[in-house]
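1. Please work out how this folds:
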Amino acid sequence: MNEKIEIMNHSSFRNTISVIFIVTLLFLFFAGCAAKIQYPSIRLSPSSHPGFSDDMLYDGLEHSILKSIEYLNKISSDRTFKFGNDFFTASHMIRSFEYFLSFIQTKPSKKDLESFIKSNYLVYQSAGRDSRREVLFTGYYEPFLQGRLNQNAKYKIPVLTIPDDLIKIDLSPFSEKYKGEKITGRLINRTVVPYYDRREISHTEALEGKSRQLAWLKDPVDLFFLQIQGSGSIYLDNGDTINVHYHATNGQPYRSIGKLLIDTDKIPRSEMSMQKIREYLNNHPEEIEDVLNYNPTHIGTM
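-> Modelled structure (predicted):
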(Lines give C-alpha, C1' and ligand atoms only; values in the text may rest on other atoms or scores of the structure.)
Protein backbone atom coordinates (compact mmCIF):
# COMPACT_ATOMS: atom_id res chain seq x y z
CA MET A 1 0.00 0.00 0.00
CA ASN A 2 1.33 3.43 -0.92
CA GLU A 3 0.53 6.16 1.53
CA LYS A 4 1.26 9.87 1.55
CA ILE A 5 1.24 11.53 4.93
CA GLU A 6 0.67 15.24 5.56
CA ILE A 7 1.27 16.72 9.00
CA MET A 8 -0.14 19.93 10.51
CA ASN A 9 2.06 21.42 13.19
CA HIS A 10 0.85 23.53 16.11
CA SER A 11 1.55 26.85 14.42
CA SER A 12 -0.64 28.46 11.78
CA PHE A 13 1.21 27.17 8.73
CA ARG A 14 1.03 23.78 7.08
CA ASN A 15 4.13 21.69 6.64
CA THR A 16 3.56 18.98 4.04
CA ILE A 17 5.37 15.72 4.60
CA SER A 18 5.19 12.36 2.85
CA VAL A 19 5.80 8.82 4.02
CA ILE A 20 5.71 5.53 2.14
CA PHE A 21 4.75 2.29 3.83
CA ILE A 22 4.99 -1.21 2.43
CA VAL A 23 4.12 -3.44 5.35
CA THR A 24 7.19 -2.60 7.47
CA LEU A 25 9.77 -2.68 4.68
CA LEU A 26 9.91 0.86 3.36
CA PHE A 27 13.34 0.53 1.85
CA LEU A 28 12.21 -2.20 -0.54
CA PHE A 29 9.76 0.24 -2.08
CA PHE A 30 12.34 2.90 -2.73
CA ALA A 31 15.00 0.47 -3.88
CA GLY A 32 12.65 -1.09 -6.42
CA CYS A 33 10.88 2.06 -7.62
CA ALA A 34 13.52 4.76 -7.47
CA ALA A 35 13.36 5.37 -11.21
CA LYS A 36 9.58 5.92 -11.15
CA ILE A 37 8.54 9.15 -9.53
CA GLN A 38 4.79 8.88 -10.09
CA TYR A 39 2.64 6.65 -7.89
CA PRO A 40 -1.07 6.52 -8.93
CA SER A 41 -2.99 6.62 -5.68
CA ILE A 42 -6.33 7.36 -4.09
CA ARG A 43 -6.71 9.48 -0.96
CA LEU A 44 -8.51 7.65 1.83
CA SER A 45 -10.81 9.28 4.30
CA PRO A 46 -9.85 8.77 7.96
CA SER A 47 -12.75 6.36 8.35
CA SER A 48 -11.27 4.22 5.55
CA HIS A 49 -7.78 3.94 7.01
CA PRO A 50 -6.47 0.39 7.35
CA GLY A 51 -5.30 -0.80 10.75
CA PHE A 52 -1.76 0.24 11.65
CA SER A 53 0.32 -1.88 14.02
CA ASP A 54 3.75 -3.43 14.40
CA ASP A 55 4.23 -6.74 16.22
CA MET A 56 8.04 -6.42 16.13
CA LEU A 57 8.21 -3.52 18.61
CA TYR A 58 9.06 -1.16 15.72
CA ASP A 59 12.62 -2.46 15.40
CA GLY A 60 12.21 -3.65 11.82
CA LEU A 61 10.29 -0.52 10.88
CA GLU A 62 12.98 1.70 12.37
CA HIS A 63 15.63 -0.14 10.39
CA SER A 64 13.60 0.28 7.18
CA ILE A 65 13.06 3.99 7.77
CA LEU A 66 16.79 4.52 8.28
CA LYS A 67 17.50 2.64 5.04
CA SER A 68 14.97 4.79 3.19
CA ILE A 69 16.58 7.96 4.54
CA GLU A 70 19.96 6.60 3.50
CA TYR A 71 18.66 6.09 -0.04
CA LEU A 72 17.01 9.54 -0.25
CA ASN A 73 20.19 11.23 0.94
CA LYS A 74 21.95 9.82 -2.13
CA ILE A 75 19.66 11.50 -4.65
CA SER A 76 19.03 15.14 -5.47
CA SER A 77 17.20 16.90 -2.64
CA ASP A 78 14.83 18.57 -5.10
CA ARG A 79 13.91 15.42 -6.95
CA THR A 80 10.12 15.20 -7.02
CA PHE A 81 7.83 12.31 -6.15
CA LYS A 82 4.16 12.40 -7.12
CA PHE A 83 1.34 10.81 -5.10
CA GLY A 84 -2.10 11.31 -6.56
CA ASN A 85 -2.15 15.00 -7.48
CA ASP A 86 0.48 15.99 -4.94
CA PHE A 87 4.22 16.43 -5.41
CA PHE A 88 6.92 16.10 -2.76
CA THR A 89 10.66 16.58 -2.94
CA ALA A 90 13.23 14.15 -1.59
CA SER A 91 14.07 16.65 1.16
CA HIS A 92 10.41 16.61 2.27
CA MET A 93 10.46 12.82 2.21
CA ILE A 94 13.51 12.80 4.46
CA ARG A 95 11.90 15.17 6.96
CA SER A 96 8.81 13.00 6.88
CA PHE A 97 10.74 9.86 7.72
CA GLU A 98 12.67 11.63 10.46
CA TYR A 99 9.46 12.93 12.02
CA PHE A 100 7.80 9.53 11.93
CA LEU A 101 10.96 7.88 13.24
CA SER A 102 11.01 10.16 16.28
CA PHE A 103 7.45 9.08 17.05
CA ILE A 104 7.88 5.31 16.73
CA GLN A 105 11.02 5.43 18.87
CA THR A 106 8.67 6.12 21.78
CA LYS A 107 7.27 2.58 21.16
CA PRO A 108 3.63 3.73 20.93
CA SER A 109 0.70 1.42 21.43
CA LYS A 110 -1.43 0.38 18.46
CA LYS A 111 -4.10 2.85 19.57
CA ASP A 112 -1.60 5.70 19.86
CA LEU A 113 -0.08 4.87 16.49
CA GLU A 114 -3.45 4.91 14.75
CA SER A 115 -4.42 8.12 16.55
CA PHE A 116 -1.14 9.76 15.54
CA ILE A 117 -1.62 8.87 11.87
CA LYS A 118 -5.29 9.81 11.85
CA SER A 119 -4.64 13.18 13.49
CA ASN A 120 -1.58 14.20 11.52
CA TYR A 121 -1.49 12.44 8.18
CA LEU A 122 -3.21 11.98 4.86
CA VAL A 123 -3.16 8.36 3.75
CA TYR A 124 -3.11 7.32 0.10
CA GLN A 125 -3.83 3.85 -1.25
CA SER A 126 -2.26 2.60 -4.46
CA ALA A 127 -4.65 2.83 -7.40
CA GLY A 128 -3.03 -0.11 -9.16
CA ARG A 129 -1.26 -0.42 -12.46
CA ASP A 130 -4.10 -1.45 -14.78
CA SER A 131 -7.88 -1.56 -15.18
CA ARG A 132 -8.05 -4.36 -12.63
CA ARG A 133 -6.19 -2.20 -10.11
CA GLU A 134 -3.51 -4.83 -9.66
CA VAL A 135 -0.58 -3.97 -7.40
CA LEU A 136 2.66 -5.94 -7.44
CA PHE A 137 4.87 -5.93 -4.36
CA THR A 138 8.12 -7.84 -4.13
CA GLY A 139 10.18 -8.46 -1.04
CA TYR A 140 12.64 -10.67 0.73
CA TYR A 141 11.70 -12.52 3.87
CA GLU A 142 14.23 -12.18 6.67
CA PRO A 143 13.47 -13.87 9.99
CA PHE A 144 13.68 -11.93 13.25
CA LEU A 145 14.49 -14.21 16.18
CA GLN A 146 14.94 -13.91 19.93
CA GLY A 147 18.29 -15.14 21.18
CA ARG A 148 20.85 -15.00 23.96
CA LEU A 149 24.57 -14.34 24.07
CA ASN A 150 25.08 -17.15 26.57
CA GLN A 151 23.65 -20.64 26.67
CA ASN A 152 21.10 -21.62 29.28
CA ALA A 153 18.52 -24.36 29.77
CA LYS A 154 16.05 -22.67 27.44
CA TYR A 155 18.39 -21.22 24.83
CA LYS A 156 20.69 -24.07 23.86
CA ILE A 157 20.72 -24.12 20.04
CA PRO A 158 23.96 -22.49 18.81
CA VAL A 159 24.26 -20.24 15.77
CA LEU A 160 27.72 -21.21 14.56
CA THR A 161 30.40 -19.48 12.54
CA ILE A 162 32.23 -21.34 9.78
CA PRO A 163 34.55 -23.90 11.42
CA ASP A 164 38.31 -23.52 11.12
CA ASP A 165 38.86 -26.98 9.66
CA LEU A 166 36.39 -26.65 6.78
CA ILE A 167 38.21 -26.39 3.46
CA LYS A 168 37.04 -25.66 -0.08
CA ILE A 169 38.89 -27.07 -3.06
CA ASP A 170 38.57 -25.80 -6.62
CA LEU A 171 39.03 -28.85 -8.85
CA SER A 172 39.50 -26.84 -12.06
CA PRO A 173 43.34 -26.75 -11.87
CA PHE A 174 43.50 -30.56 -11.71
CA SER A 175 41.77 -31.31 -14.99
CA GLU A 176 39.74 -29.58 -17.69
CA LYS A 177 36.90 -32.04 -17.07
CA TYR A 178 36.53 -30.62 -13.53
CA LYS A 179 36.21 -27.03 -14.74
CA GLY A 180 33.86 -25.09 -12.47
CA GLU A 181 33.60 -27.91 -9.91
CA LYS A 182 34.43 -27.52 -6.23
CA ILE A 183 34.29 -29.75 -3.19
CA THR A 184 34.06 -28.99 0.51
CA GLY A 185 35.53 -31.19 3.18
CA ARG A 186 38.08 -31.53 5.95
CA LEU A 187 41.58 -32.94 6.17
CA ILE A 188 42.33 -36.19 8.02
CA ASN A 189 45.79 -37.74 7.81
CA ARG A 190 46.54 -35.67 4.70
CA THR A 191 43.37 -36.95 3.02
CA VAL A 192 40.32 -34.83 2.22
CA VAL A 193 37.09 -36.41 3.46
CA PRO A 194 33.48 -35.13 3.43
CA TYR A 195 32.65 -32.62 6.14
CA TYR A 196 30.38 -33.50 9.05
CA ASP A 197 26.68 -33.62 8.25
CA ARG A 198 23.90 -31.86 10.13
CA ARG A 199 23.33 -34.67 12.61
CA GLU A 200 27.01 -34.88 13.51
CA ILE A 201 27.28 -31.11 13.89
CA SER A 202 24.11 -30.84 15.97
CA HIS A 203 24.50 -33.85 18.23
CA THR A 204 28.22 -34.42 18.72
CA GLU A 205 31.20 -32.34 19.75
CA ALA A 206 32.59 -32.45 16.21
CA LEU A 207 33.04 -28.66 16.08
CA GLU A 208 34.35 -28.23 19.60
CA GLY A 209 37.10 -25.60 19.47
CA LYS A 210 36.68 -25.18 15.70
CA SER A 211 33.66 -22.88 15.54
CA ARG A 212 32.37 -19.93 17.56
CA GLN A 213 28.83 -19.47 18.86
CA LEU A 214 27.43 -16.14 17.66
CA ALA A 215 24.27 -16.57 19.72
CA TRP A 216 21.95 -19.17 21.21
CA LEU A 217 18.37 -19.85 20.09
CA LYS A 218 15.65 -21.87 21.80
CA ASP A 219 14.10 -23.52 18.74
CA PRO A 220 16.04 -25.76 16.33
CA VAL A 221 13.34 -25.13 13.70
CA ASP A 222 14.10 -21.39 13.88
CA LEU A 223 17.78 -22.12 13.20
CA PHE A 224 16.90 -24.43 10.33
CA PHE A 225 14.80 -21.82 8.53
CA LEU A 226 17.35 -19.11 9.31
CA GLN A 227 19.88 -21.22 7.42
CA ILE A 228 17.46 -21.89 4.57
CA GLN A 229 16.70 -18.17 4.19
CA GLY A 230 20.39 -17.32 4.28
CA SER A 231 20.16 -14.30 6.59
CA GLY A 232 18.24 -12.91 9.53
CA SER A 233 18.37 -10.78 12.65
CA ILE A 234 18.66 -12.01 16.23
CA TYR A 235 17.50 -9.81 19.10
CA LEU A 236 19.69 -10.48 22.13
CA ASP A 237 18.91 -10.32 25.83
CA ASN A 238 21.27 -7.37 26.31
CA GLY A 239 19.23 -5.21 23.92
CA ASP A 240 21.60 -5.57 20.96
CA THR A 241 20.70 -6.98 17.57
CA ILE A 242 23.04 -9.03 15.41
CA ASN A 243 22.54 -9.62 11.70
CA VAL A 244 23.69 -13.03 10.53
CA HIS A 245 24.36 -14.05 6.95
CA TYR A 246 25.27 -17.15 4.99
CA HIS A 247 29.01 -17.75 4.97
CA ALA A 248 29.60 -21.33 3.88
CA THR A 249 28.00 -24.76 3.73
CA ASN A 250 29.36 -28.10 4.89
CA GLY A 251 29.23 -29.36 1.30
CA GLN A 252 26.67 -32.07 2.02
CA PRO A 253 23.80 -32.47 -0.51
CA TYR A 254 20.60 -30.54 0.13
CA ARG A 255 17.50 -32.63 0.74
CA SER A 256 14.07 -31.06 1.14
CA ILE A 257 12.27 -31.76 4.40
CA GLY A 258 9.11 -30.54 2.70
CA LYS A 259 9.37 -33.35 0.17
CA LEU A 260 10.03 -35.80 3.00
CA LEU A 261 6.82 -34.74 4.76
CA ILE A 262 4.87 -35.04 1.53
CA ASP A 263 6.32 -38.45 0.64
CA THR A 264 5.55 -39.78 4.13
CA ASP A 265 1.96 -38.44 3.98
CA LYS A 266 2.54 -36.05 6.85
CA ILE A 267 1.49 -32.94 4.87
CA PRO A 268 -0.59 -32.96 1.65
CA ARG A 269 1.27 -31.58 -1.34
CA SER A 270 -1.49 -29.01 -1.92
CA GLU A 271 -0.98 -27.58 1.58
CA MET A 272 2.81 -27.55 1.66
CA SER A 273 4.38 -24.33 2.96
CA MET A 274 6.93 -23.19 5.51
CA GLN A 275 4.06 -22.43 7.88
CA LYS A 276 2.70 -25.97 7.47
CA ILE A 277 6.11 -27.48 8.19
CA ARG A 278 6.37 -25.40 11.37
CA GLU A 279 2.87 -26.36 12.39
CA TYR A 280 3.58 -30.06 11.88
CA LEU A 281 6.85 -29.98 13.81
CA ASN A 282 5.29 -27.97 16.64
CA ASN A 283 2.61 -30.64 16.92
CA HIS A 284 5.11 -33.51 16.67
CA PRO A 285 8.19 -32.41 18.66
CA GLU A 286 9.39 -36.00 18.88
CA GLU A 287 10.00 -35.94 15.10
CA ILE A 288 11.90 -32.66 14.90
CA GLU A 289 15.37 -34.19 15.15
CA ASP A 290 14.81 -36.83 12.46
CA VAL A 291 13.01 -34.47 10.10
CA LEU A 292 15.62 -31.70 10.28
CA ASN A 293 18.52 -34.13 10.03
CA TYR A 294 17.01 -35.58 6.84
CA ASN A 295 18.70 -32.58 5.24
CA PRO A 296 22.43 -33.13 5.90
CA THR A 297 23.35 -29.60 4.75
CA HIS A 298 24.48 -27.25 7.49
CA ILE A 299 25.27 -23.55 7.15
CA GLY A 300 28.04 -21.56 8.79
CA THR A 301 27.19 -17.89 9.38
CA MET A 302 29.02 -14.63 9.84
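
2. low-scoring pLDDT stretches of the stretch 101-250 of the chain, where are they?
-> 130, 138-140 (pLDDT under 70).

3. hey, where'd the helices end up in it?
-> Counting by DSSP state H, counting those that start in this stretch, the segments of the stretch 101-250 of the chain that form helices are 110-120, 198-203, 220-229.

4. Return the most buried member of the ones you listed.
-> Most buried of the helices of the stretch 101-250 of the chain, by mean neighbour count (mean count of other CB atoms under 10 Å): helix 220-229, with a mean of 20. Where you see a C-beta, it was placed from the backbone N, CA and C, and this is true even at glycine.

5. what's next to that one, contact-wise?
-> The contact list for helix 220-229, computed with CB atoms under 8 Å, 6 or more residues apart in numbering, reads 141-143, 145, 157, 159, 202, 217, 232, 244, 246, 257, 274, 278, 281-282, 288-289, 292, 295, 297-299, 301.

6. These in strands, which ones?
-> Of the contacts of helix 220-229, the ones assigned to strands by DSSP state E are 145, 157, 159, 217, 232, 244, 246, 299, 301.

7. Sort out which one of these lies nearest I262 for me.
-> Of all the ones in strands among the contacts of helix 220-229, I262 sits closest to I299, with 23.2 Å by CB to CB.

8. Bridging across strands, which residues link to that closest one?
-> Per DSSP bridges, the residues bridged to I299 are T249.

9. check contacts around it.
-> Neighbouring residues of I299 by CB under 8 Å, 6+ apart: 227, 230, 246-250.

10. With K182 instead?
-> Residues counted as contacts of K182 (CB under 8 Å, 6+ apart) are 168-171.

11. before we move on, back to that, looking at the ones in strands among the contacts of helix 220-229, which is nearest V192?
-> Using CB to CB, I299 is the member of the ones in strands among the contacts of helix 220-229 that lies nearest V192, at 20.4 Å.

12. For the closest one, report the pLDDT, please.
-> Looking at I299, its pLDDT stands at 84.

13. Was I right to think G147 contacts L217?
-> Yes: counting by CB atoms under 8 Å, G147 touches L217, with 5.2 Å between them.
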